[in-house]
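J.: only geometry, no sequence info:
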């Protein structure tokens with residue numbers, strides 16, 4: 001219960017709501033466009049995560 005009252009919990013819930021609403025809005029108009037948007041978004045998230053991990057590994061070596 002305390003988590004839902006914290007700022008972090010509310011921020012995560014708001015982000016999840018906006019993401020779900022956005023995907024639903026795009027999918028309502030076109031499934032093909034919705035899958036392109038989800039695929040592109042997933043690619044960008046994974047690319048940023050990969051670069052972040054590689055940066056951390058490089059800084060740990062020195």
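T.: On my side now, so go ahead. Please read these numbers as outputs of a predicted model, since none were measured by experiment.

J.: now for whatever helix or strand residue 45 lives in, which elements pack on it?
T.: Using DSSP states H and E, the element containing residue 45 is helix 31-61. If you count contacts as 3 or more Cβ pairs under 8 Å, 6 or more residues apart in numbering; DSSP states H and E, helix 31-61 packs onto helix 7-29. To be clear about C-beta, it is placed using only N, CA and C from the backbone, and glycine gets the same treatment.

J.: check which residues of the helix it packs on are buried.
T.: residue 26 (16 or more other Cβ atoms under 10 Å).

J.: what's the angle from that helix to helix 31-61?
T.: 140 degrees (axes from the mean of the first three to the mean of the last three Cα atoms, to 10 degrees).

J.: follow-up on the earlier one: what residues of the helix holding residue 45 count as buried?
T.: Buried residues in helix 31-61 (16+ other Cβ under 10 Å): residue 34.

J.: what mean pLDDT does that helix get?
T.: Helix 31-61 shows an average pLDDT of 90 in the prediction.

J.: distance of the residue nearest the centre of the chain relative to residue 29?
T.: The residue lying closest to the centre of the chain (Cα atoms, centre = their mean) is residue 45, at 6.4 Å. Residue 45 is 23 Å from residue 29, where distance means Cβ to Cβ, to the nearest Å.
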